[in-house]
Structure formats: structure tokens, C-alpha cells
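1. whatever this is, show me its structure:
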Amino acid sequence: MGAGIAAPAQSSPAPSAPQFGTIGGMVVDKDGAVVTNADITLSRNGSLIAQLRSGGDGSFSFTGVAPGPFQVSIAAPGFAPQLFTGVLQPGQSFAVPQIQLVVATITDVEVRVSQEEVAEEQIKAAEQQRLFGVVPNYYVSYIPDAAPLTRKQKFQLGWKSTVDPVSFGIAGVIAGIEQADNAFSGYGQGAQGYAKRFGSTYADFVSGTFIGSAILPSLLKQDPRYFYKGTGTKKSRFLYAVANAVICKGDNGRWQPNYSSMLGGLAAGGLSNLYYPASNRNGVGLTFENGAIGIGGTAIGGVIQEFFFKKVTPHSSGTEQ
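-> Okay, here's the model as predicted:
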């Protein structure tokens with residue numbers, strides 16, 4: 001029996017390639033106007049497939065997309081994001097229903113104001129503080145946690161205090177009293193003597209204000225204001241007021257030795273040797289005498305601020321305790 005002839009082997013048919021399709025649509029707003037340059041993202045099961053932007057007519061189209069489930073997300077500035085899900089069949093041209101974007105709802109707006117801006121508003125309020133509605137009472141804060149002053153603000157407050165017309169008037173009154181008592185007799189009498197007394201009194205005020213309330217506080221980062229307490233026993237408030245002659249708040253909000261006021265008093269006393277009559281200059285003695293007077297005056301001023309001045313200061317900021 002002859003050998004049989006083997007039949008040729010039959011190969012398995014190759015698996016058919018997936019029939020890719022397209023996904024397209026149009027993006028409009030609630031009024032039907034097209035939305036251009038909207039971000040369109042095509043994904044599947046959380047995995048990104050492609051991204052593009054809507055055209056000038058609001059349309060978009062993804063080509064060569066494998067069949068299967070898909071998600072299309074749409075985002076545009078000022079609009080709430082939208083999401084569409086569907087299933088692409090093999091070779092299908094899937095038309096996404098017209099996507100209508102709505103304006104995003106703003107649920108919360110946080111406005112932050114810088115400490116400098118807060119301090120500026122508080123300074124404006126303080127500049128309305130005048131004893132009996134007349135005498136400036138700028139260097140007291142009725143806000144216990146007032147924002148720290150910037151260097152510029154410390155100088156502005158000093159400038160406004162020294163050029164206030166009432167400050168000139170007070171210097172004139174003091175000069176008149178000194179003239180009547182013939183204080184600093186080296187200045188003499190008459191108009192010339194009065195002018196010299198007025199000049200020295202005003203110079204004391206300007207140098208004390210700028211050195212003790214602007215220059216040194218800026219360098220040492222200290223607050224030149226008196227912070228009204230207004231609570232507690234009279235004894236505690238009295239001790240607090242007196243202590244403010246030698247302690248002060250730093251720009252960091254912490255209490256510290258009041259170097260600005262104490263050194264400012266000494267510096268102003270030293271400068272006074274330049275314009276006081278020669279017969280009244282006793283060098284170091286005058287310097288420390290004026291410095292001590294400055295510290296004592298600050299203590300007395302604190303007590304008056306704590307117990308009396310607020311009652312006669314219209315427009316005082318803060319709440320009476």
C-alpha cells in the first residue's frame with residue numbers, strides 16, 4: 001500500500017485589528033454662544049488618552065480612538081467643569097451631545113489685607129484723636145493688638161505731630177512762661193529773648209519726638225505708642241502706666257525695655273547743649289537732667305493717658321473697657 005500524501009497545514013486566521021472611531025462635539029455656554037479654547041480631556045478608566053482645545057466654532061474631535069468606554073471632561077476659565085461618559089463602538093463616529101457650560105458659582109472669597117494697610121487705617125483713626133477736640137493725642141492706641149508701624153509710618157506720625165499748629169501754640173505758651181520767670185536768663189528779654197525761648201522749646205519737642213518716637217524706634221524695632229489698658233484694678237493700671245516709661249511693645253508684639261524713649265531723652269538732652277544759653281549748659285549734667293525729666297514726664301503722661309485723657313479725647317479708636 002502506497003504512502004499517503006499529508007494534507008498541507010492550515011494557519012489560524014490573524015485576529016482582526018480594532019476598528020478605531022472618532023469622538024466629537026461642541027461646547028457652548030448657557031446662552032448657546034460657542035466657547036473657544038476650552039480644555040477637552042479624553043480618558044478611559046482614569047487613564048489619559050488625549051487632550052485638545054475647542055476650536056473657534058466651539059467644536060472638538062478626537063480621531064483614532066479605540067472602542068470602549070470613555071470619559072470626556074471639559075473645563076474653561078469662569079465656568080464650572082463638565083463631564084460626559086459614553087461607550088465607543090468599533091468604527092463609530094460618536095457625537096457627544098452639545099455640552100453647555102454654566103458660570104462657576106463663587107462660594108467663598110478670602111480677602112487678605114497686609115499689616116501695613118491695617119496700620120495705615122489705624123493711624124488715620126489715631127490722627128482724629130485730640131484732647132478736648134484740639135490738642136493732638138496721636139501717640140496712644142486704644143486697640144491693644146494694633147498692627148505694628150512701619151519705619152515710614154513712624155516718621156509720618158512724628159512729622160504730623162511736630163508740624164501741627166497746636167504744637168507751635170504750646171511751644172509759644174511755654175516760652176511765654178519761661179520769659180515771665182526769666183528762665184534761661186542768658187536768652188535775655190524782649191522779642192529776641194522770647195524768640196530764643198520759643199526756638200529752644202520747639203527744638204526740644206522736635207528732637208525728642210523724632211529721636212525717641214521715629215529714629216530709635218525704627219532702628220530698634222519698637223513701637224513708640226502708649227497702649228491703653230483700661231482694665232483691672234486702679235493699682236494695676238497705675239503700675240502699668242508708670243512702667244511704660246521704661247518698657248514698651250516691640251514691633252514683634254512683645255514687651256521689652258524702652259530703649260527708644262530712654263536713649264531718646266538722653267540724646268535730646270545732649271542736643272539741647274547746642275542751643276541753650278552758655279550759662280545754662282552744664283554738659284553731662286544737663287543731658288542726664290533732661291533725660292531724667294523725659295522719663296519722669298513719660299511716666300506721668302502714661303498715668304494721665306490711662307485715667308483721664310480717653311475721657312476727653314473725641315473719636316478715640318477702640319472700645320471703652
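
2. pull the contacting residues for residue 293.
-> Residues near residue 293 by Cβ atoms under 8 Å, 6 or more residues apart in numbering: residue 265. C-beta here means a position set from N, CA and C on the backbone, and glycine is covered the same way.

3. avg pLDDT for the host helix or strand of it?
-> Residue 293 belongs to helix 284-307 when assigned by DSSP states H and E. Mean per-residue pLDDT for helix 284-307: 78.

4. ditto for stretch 213-229
-> 94.

5. tell me which residues are up against that stretch.
-> So stretch 213-229 is contacted by 139-142, 144, 146, 148-149, 151, 154-155, 157-158, 161, 212, 236-237, 240-241, 244, 248-252, 256, 258-261, 263-264, 267, 301-302, 305-306, 310, 318 (Cβ under 8 Å, 6+ apart).

6. for it, C-alpha coordinates in PDB please.
-> Extracted as PDB, the C-alpha positions of stretch 213-229 are listed here (Å, rounded to 0.1, in the frame of the first residue of the first chain):
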ATOM      1  CA  SER A 213       9.500 108.200  68.500                       C
ATOM      2  CA  ALA A 214      10.800 107.700  65.000                       C
ATOM      3  CA  ILE A 215      14.600 107.300  64.600                       C
ATOM      4  CA  LEU A 216      15.300 105.000  67.500                       C
ATOM      5  CA  PRO A 217      12.000 103.000  67.300                       C
ATOM      6  CA  SER A 218      12.800 102.400  63.600                       C
ATOM      7  CA  LEU A 219      16.400 101.200  64.400                       C
ATOM      8  CA  LEU A 220      15.400  99.200  67.400                       C
ATOM      9  CA  LYS A 221      12.100  97.900  66.000                       C
ATOM     10  CA  GLN A 222      10.000  99.300  68.900                       C
ATOM     11  CA  ASP A 223       6.500 100.800  69.000                       C
ATOM     12  CA  PRO A 224       6.500 104.500  70.200                       C
ATOM     13  CA  ARG A 225       2.800 104.400  71.200                       C
ATOM     14  CA  TYR A 226       1.200 104.000  74.600                       C
ATOM     15  CA  PHE A 227      -1.200 101.100  74.600                       C
ATOM     16  CA  TYR A 228      -4.200 101.900  76.700                       C
ATOM     17  CA  LYS A 229      -5.000  99.200  79.300                       C
END
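
7. next one: that stretch to chain centre, how far?
-> Taking Cα atoms, centre = their mean, to the nearest Å, the mean C-alpha location of stretch 213-229 is offset from the chain mean by 18 Å.
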